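K.L.:
Pasting the sequence and the predicted coordinates here, then a few questions.
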Amino acid sequence: MKTQYTTRYAASPQDVKSYDTTRLREEFLIDNLMQADKIELVYSHYDRFITGSAVPTVAPLKLEVIDALKADFFLERRELGIINIGAAGTVTVDGTVYELDNKEALYVGQGNKEVIFSSKSAGNPAMFYLNSTPAHKAFPNKKIGIKDVEVIELGAPETANARTLRKYIVNSVVDVCQLQMGMTTLKSGSSWNTMPAHVHDRRMEVYFYFEVAEDQAVCHFMGQPQETRHIWIGNNEAVISPPWSIHSGSGTSSYTFIWGMAGENLDYGDMDHCKINELK
Ligand SMILES: O=C[C@H](O)[C@@H](O)CC(=O)C(=O)O
Ligand SMILES: [Zn+2]
């Protein structure tokens, strides 16, 4: 089996208050992504959101159904978002080949039976980041290239949070059931993402940090706004954010991250902002 998965259960904010560093990392950090020749998945019970990666080298990788779904095929009752953070590759969905270059995305709708990942060059592979959520309706597959994304500029150099946010999979770009995905890039000299921080009790979210230099890290903040905790994160690591948690990070140098979320609504702007000077 080249498709492997582990399960994470949902935790109440009351319990998480008492977690030590090890427990916090066991529950929320995903540190096994982007392994060559494997499809690694983490099935979270927050909104049944699956976070994963596929890194094909010499041979293609097929997305196999996992036992947690008790389905005949992976997308029987799910939709899938894919963003390539590596070199050129292809995703073949029921025989249709989609070419995905670096930072291009593909939305795959519910009902597709076969998803196969390939790299153009085994020595310089594609690195596909995957998010999947339950779906109630079959929407068409759609490639989202760099010209198709919605771009917003946020923050300012004075507050060290100047960044460019790109919305790839949102319902103004592609028809979706509940998945939303995008990418945020920090401007040189800025370190804070998602500051002012926010919560959205309607949706969980996963942040996947990449383009973090080998000897650097991102300090990711989570927890209820007046009860925050931090997790130090390295390159190609993701962190699960429960609906009741803030999700914000500051890097020791530049980095990029992919955000993915799912839950009650499709309104990207549905966030309850937290006052910076009230965080604890
Ligand atoms: O609910 C939305 C998400 O947390 C992110 O889109 C926020 C983000 O990328 C940023 O502010 O840098
Ligand atoms: Zn958010």
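P.N.:
Everything's here; your move. Numbers count the residues shown, from 1 in each chain. Ligands and ions are numbered 1, 2, ... in the order given.
K.L.:
What score does the closest residue to Ala217 other than its chain neighbours have for pLDDT?
P.N.:
Leaving out its chain neighbours, the residue that sits closest to Ala217 by CB to CB, 6 or more residues apart in numbering is Trp232, at 5.1 Å. From N, CA and C alone the C-beta is placed, and that goes for glycine too. Trp232 carries a pLDDT value of 98.
K.L.:
Check Phe208 too.
P.N.:
For Phe208, the model assigns a pLDDT of 99.
K.L.:
let's have the chain start at 33 instead
P.N.:
Okay, residue one is now 33; in that scheme the one you just asked about reads as Phe240.
K.L.:
show me the contacts for it.
P.N.:
Taking CB atoms under 8 Å, 6 or more residues apart in numbering, we find Phe240 in contact with Ile62, Leu65, Thr83, Tyr161, Asn268, Glu269, Ala270, Phe289, Ile290, Trp291, Gly292.
K.L.:
if we can go back for a sec, surely the residue nearest to Ala249 and Phe253 touch.
P.N.:
No. Shown here, Trp264 and Phe253 do not form a contact pair, counting by CB atoms under 8 Å, at 10.9 Å.
K.L.:
So for the two, which sits in the more crowded spot?
P.N.:
Neighbours of Trp264 and Phe253, each counted by other CB atoms under 10 Å, are more numerous for Phe253; the result is 22 against 14.
K.L.:
Please state the offset of stretch 133-141 from the chain centre?
P.N.:
13 Å (CA atoms, centre = their mean, to the nearest Å).
K.L.:
Buried residues in that stretch, which are they?
P.N.:
Using 16 or more other CB atoms under 10 Å as the test for burial, stretch 133-141 gives Lys135, Glu136, Ala137, Leu138, Tyr139, Val140, Gly141.
K.L.:
Pretty sure the fifth one sits against Ala170.
P.N.:
Think Tyr139. No. Between Tyr139 and Ala170 there is no contact under CB under 8 Å: 11.8 Å.
K.L.:
Just give the nearest non-adjacent residue to the closest residue to ligand 1 within the stretch 33-182 of the chain, would you?
P.N.:
Closest to ligand 1 within the stretch 33-182 of the chain is Glu182: 11.4 Å, counting by CB to the nearest ligand atom. Excluding its sequence neighbours, the residue lying closest to Glu182 (CB to CB, 6+ apart) is Lys199, at 4.2 Å.
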